[in-house]
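In: For reference, the sequence and a predicted model appear below.
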Amino acid sequence: MDRMEELGFRSETDRQIFREAAAPVELSPFGLHSGMFVPTLERQGTPEQSRKWVPLGKSFKMIGTYAQTELGHGTFIRGLETTATFDPETQEFILDSPTLSSIKYWPGNVAKTVNHCLVMAQLYTQGKCHGTHLFLVQVRNMEDHTIMPGLEIGDIGPKLGFDGVDNGFMRFNKYRIPRMNMLMRYAKVLENGDYIKPKNAKLTYGAMVMIRVFIVMDAFKTLSRAAVIAVRYSAVRRQSELRPGGEEAQVMDYQTQQYKLFPLLATSYAFLLAAEGMSQIYAKISSDIERGNLEDMPQLHALACGLKAFCTWVACEGIEVCRMSCGGHGYSHASGIPKIYANIVGACTYEGENTVMMLQTARYLSKCYIRGQRGESLPELIQYLTTDLNVKSTLGEDCSFESLVAAYSHRAARMVAVACKLQQTNKKKGMAGHDAWNKSTVPFIAATKAHCHLFIVRNFVTILSQKKIDPATHNVLSQLCTLYAVYGIVENMGEFMQDGYFNQDQVSILNRKVLALLEDIRPNAVALVDAFDYPDHLLQSCLGRYDGQVYEALYEYSKSSPLNNTDIHSSYYNYIRPMMQKRSESKNISAKL
Ligand SMILES: CCCCCCCCCCCCCCCCCCCCCCCC(=O)SCCNC(=O)CCNC(=O)[C@H](O)C(C)(C)COP(=O)(O)OP(=O)(O)OC[C@H]1O[C@@H](n2cnc3c(N)ncnc32)[C@H](O)[C@@H]1OP(=O)(O)O
Ligand SMILES: Cc1cc2nc3c(=O)[nH]c(=O)nc-3n(C[C@H](O)[C@H](O)[C@H](O)COP(=O)(O)OP(=O)(O)OC[C@H]3O[C@@H](n4cnc5c(N)ncnc54)[C@H](O)[C@@H]3O)c2cc1C
């Protein structure tokens, strides 16, 4: 913190970059403080509350986290059981964990690090429940960091990854906080206990939308780092004879290795541009919301949910492909890839479990489809839903951007229509609305993935057609964009072909094009990963080193393993030698052994 001040880092983005440089492979124990706690105080507190608490948070005089999930509920926020009951006599809220399942469970850094939490709890006043709201709660003594009386706090134990984050549990026993500790920008409780409701109940969900936007950028960061490691290693690693009797080939010269890695390289570039696009949309709509204009709130929610789920699923699958493409060394922590995977795969769950997030987007698409069928105007990003599904592809040998975007629009429009028609058919069969919805959610998930895929392809194409880029760079980026789109079609051909949108010749063109693009990209592959400019310190990888000295690095890494501190390990004296002595004393063992 002090170092950031000394270096004059003011923007959160710069501070985040500094934090990642300072702790390259472990998530900071202050990530939730900076990423959720402080921004939520800024966005959900009244001006007075923000003026009072935000400076304390930014100066780390107050260290907090976001405590919402409970043992029994994470996804279903309306089902949270922690209560905050207003006591007008004392002008306090009484926080309580009334059941075992209501114990807060998972909040990051709650176990040992933070002294405050933003707690999501069911608000009760004048005997009535008004749903979930956020409350600022001091959980540890500011003098000696002991747990405040009335609270039970602890660590939840080892996890798959996220080792730098002390995820914890927290139980309230009639714990009192001042009335003014409820974040009251949108909803209020007056001194007499009257409840003033917000313009939209979902405004209290704003912190989650913001983090989902950040996570899209995290999906890019983690996938691109794994791609840098795998591509660089594939340029160094020589294995097997590509030409009989010739020298062993760089594994990057095998078409199968190129087919594994180059689409992921293209995906990394596509996700970077999508994350930047998502951030720009978030910045605009969230500032509208802060000014009271909630019109585009549903569109932001739907896009943030969909992209967070789509990008983290694809990134995690892709990081695993990168690991496996490095053979045995990829499985070692020396490669750096297992840590990348372990720290990002949780993102498919936290900040909204991906399936549930996709279904939120699906729900929005279903409503937009109906509006489109009625001839109502639709937001620009959704207008493809009214695409004429009788049109066939005009794709030619050049696989133009226009024909590729048209293909993705057609696929998404068709799949949304299929899901919506199933939902409508279910209703016509007499199913209740919730059953008609549930019995169409599998096709809706597929349609929503197609919707997100279209957003990313169209965004990539739009940027290449709008940005001023030198011709040589534009040519290489166009190859990546075309590879991302064509590979996506080839890998999901059934969804594009189901209604005969492509003819046989066009399918052959696409299958040829994806292989041709691998050869086009091969000469620039290392330059394209170097362009991310990740320092070795950040990658923490013997395989992805800029200097390519892989075997030297692996040998030094292995020698530094703690198990090598002694030649003979204590386990020999404690277990192996006694076992062997016991065996050798046994009568039926031949002395010749
Ligand atoms: C911008 C970029 C700038 C760059 C700055 C970078 C520097 C920043 C500093 C450092 C950043 C570091 C960040 C790095 C990455 C992050 C690391 C994260 C570490 C771990 C964090 C994990 C934290 C957590 O997990 S917190 C807990 C998260 N929990 C959840 O997400 C719960 C998910 N569940 C829900 O959201 C809800 O339950 C939901 C939506 C599933 C259902 O809600 P509900 O039942 O109330 O509604 P419905 O009945 O389904 O729908 C009714 C209606 O409401 C609409 N709606 C729902 N939610 C929203 C919303 N959020 N916004 C708007 N509208 C919403 C819904 O669409 C329905 O609308 P209808 O019109 O009726 O259809
Ligand atoms: C690494 C990590 C860090 C975390 N940090 C925090 C934190 O700092 N603060 C915090 O409050 N929480 C945190 N969490 C908790 C996290 O937010 C929840 O785990 C997440 O919201 C998922 O909720 P859940 O665990 O209840 O999953 P569940 O919803 O119980 O998921 C179980 C299954 O049920 C399915 N499912 C649930 N609802 C539906 C539905 N409506 N339709 C279809 N399928 C459904 C899901 O798809 C999933 O397959 C963290 C979790 C992890 C893993």
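Out: Looks like it arrived, so ask away. Ligands and ions are numbered 1, 2, ... in the order given.
In: rest of the way, CA atoms for contacts and neighbours
Out: OK.
In: If I follow the layout properly, Ala362 ends up in contact with Thr448?
Out: Yes: between Ala362 and Thr448 there is a contact at 5.7 Å, judged by C-alpha atoms under 8 Å.
In: So which residues on the chain come close to ligand 2?
Out: Proximity of the chain to ligand 2, by C-alpha under 6 Å from any ligand atom, involves residues 66-69, 73-75, 106-108, 346, 349-353, 355-356.
In: other SSEs contacting the longest helix belonging to the chain?
Out: When the chain is parsed with DSSP state H, its longest helix is helix 255-290. Applying 3 or more C-alpha pairs under 8 Å, 6 or more residues apart in numbering; DSSP states H and E, one finds that helix 255-290 contacts helix 206-236, helix 297-324, helix 441-466, helix 471-491, helix 504-521, helix 525-530.
In: Was I right to think Thr312 contacts Gly346?
Out: No: when contacts are counted by C-alpha under 8 Å, Thr312 is not listed as touching Gly346 (9.1 Å).
In: Between the two, which is the more surrounded one?
Out: Higher neighbour count among Thr312 and Gly346: Thr312, with 26 against 17, using other C-alpha atoms under 10 Å.
In: Which pLDDT value belongs to the more buried one?
Out: Listed pLDDT for Thr312 reads 98.
In: Kindly report the same for the one 3 residues further on.
Out: Looking at Ala315, its pLDDT reads 98.
In: residue in the stretch 201-350 of the chain nearest to ligand 2?
Out: Tyr350 (3.9 Å; C-alpha to the nearest ligand atom).
In: Return the residues of the stretch 301-450 of the chain in contact with ligand 1.
Out: So the stretch 301-450 of the chain meets ligand 1 at His301, Tyr350, Glu351, Gly352, Val356, Gln360, Arg363, Tyr364 (C-alpha under 6 Å from any ligand atom).
In: How many residues are close by the residue of the stretch 201-350 of the chain found nearest ligand 1?
Out: Residue nearest to ligand 1 within the stretch 201-350 of the chain: Tyr350 (3.9 Å; C-alpha to the nearest ligand atom). By the other C-alpha under 10 Å criterion, the neighbourhood of Tyr350 contains 18 residues.
In: residues of stretch 420-437 that come out buried?
Out: For stretch 420-437, the neighbour count (16 or more other C-alpha atoms under 10 Å) marks Cys420, Leu422, Gln423, Gln424, Asn426, Lys427, Ala436, Trp437 as buried.
In: Stretch 457-477 now?
Out: By 16+ other C-alpha under 10 Å, the buried positions in stretch 457-477 come out as Val457, Arg458, Asn459, Phe460, Val461, Leu464, Val476, Leu477.
In: Among the residues of the chain next to ligand 2, name the buried ones.
Out: Among the residues of the chain next to ligand 2, the ones that count as buried by 16+ other C-alpha under 10 Å are 66-69, 73-75, 106-108, 346, 349-353, 355-356.
In: These in strands, which ones?
Out: Cross-referencing these against strands under DSSP state E gives Tyr66, Ala67.
In: Arg458 and Ser403 touch, don't they?
Out: No: using C-alpha under 8 Å, Arg458 is not in contact with Ser403, being 11.1 Å away.
In: got any ranges where the stretch 1-150 of the chain has weak pLDDT?
Out: Confidence mapping of the stretch 1-150 of the chain against pLDDT under 70 gives zero matching residues.
In: tell me the pLDDT at Leu593?
Out: Note on Leu593: pLDDT of 57.
In: cool, and Gln280?
Out: pLDDT, Gln280: 96.
In: Give me the nearest residue to Asn459, chain neighbours excluded.
Out: In space, and not counting its chain neighbours, Asn459 is closest to Ala274: 6.5 Å by C-alpha to C-alpha, 6 or more residues apart in numbering.
In: Low-confidence stretches in the stretch 151-300 of the chain?
Out: For the stretch 151-300 of the chain, no stretch is flagged by pLDDT under 70.
In: Return the residues of it in contact with ligand 1.
Out: So the stretch 151-300 of the chain meets ligand 1 at Lys202, Tyr205, Gly206, Met208, Val209, Ile211, Val213, Phe214, Ile215, Ser279, Met297, Pro298 (C-alpha under 6 Å from any ligand atom).
In: and which of those is nearest Gln255?
Out: The closest of these to Gln255 turns out to be Ile215 (C-alpha to C-alpha; 32.1 Å).
In: ranges for the helices of the stretch 1-150 of the chain?
Out: 2-6, 12-22, 31-32, 38-44, 47-58 (DSSP state H, counting those that start in this stretch).
In: outside of the second one, which residues touch it?
Out: The list of residues contacting helix 12-22 from outside it, by C-alpha atoms under 8 Å, 6 or more residues apart in numbering, reads Met4, Phe9, Leu27, Ser28, Ser34, His537, Leu538.
In: In CSV, list those along with neighbour count and distance to Ala485.
Out: Below are those laid out as CSV (neighbours: other C-alpha atoms under 10 Å; distance: C-alpha to C-alpha, whole Å):
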residue, neighbour count, distance to Ala485
Met4, 13, 41
Phe9, 16, 38
Leu27, 18, 33
Ser28, 20, 35
Ser34, 21, 36
His537, 13, 33
Leu538, 15, 30
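In: of all the residues you listed, which comes closest to Gly164?
Out: Gly164 has its nearest neighbour among those in Leu27, at 5.1 Å by C-alpha to C-alpha.
In: List the contacts of the residue lying closest to the closest one once chain neighbours are set aside.
Out: Distances taken as C-alpha to C-alpha, 6+ apart put Gly164 closest to Leu27, at 5.1 Å, once the chain neighbours are dropped. By C-alpha under 8 Å, 6+ apart, the residues touching Gly164 are Glu26, Leu27, Ser28, Pro29.
In: Going by distance to Lys559, which of the residues you listed wins?
Out: Nearest to Lys559 among these: Glu26, at 22.8 Å, using C-alpha to C-alpha.
In: how about that closest one, what does it touch?
Out: Contact analysis of Glu26 by C-alpha under 8 Å, 6+ apart lists Phe162, Asp163, Gly164, Asn343.
In: Next, count neighbours for the second one.
Out: Number of residues near Asp163 (other C-alpha under 10 Å) recorded here: 17.
In: how near is the residue in the stretch 451-593 of the chain that ligand 2 sits nearest to to ligand 1?
Out: The minimum distance from the stretch 451-593 of the chain to ligand 2, using C-alpha to the nearest ligand atom, falls at Cys452 (18.1 Å). Relative to ligand 1, Cys452 is positioned 17 Å away (C-alpha to the nearest ligand atom, to the nearest Å).
In: Give me the local confidence score for that residue.
Out: pLDDT, read off for Cys452, is 98.
In: CSV for the helices of the stretch 1-150 of the chain, including distance to ligand 1?
Out: Shown next, in CSV, are these (distance: least, C-alpha to the nearest ligand atom, whole Å):
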stretch, distance to ligand 1
helix 2-6, 14
helix 12-22, 4
helix 31-32, 6
helix 38-44, 8
helix 47-58, 11
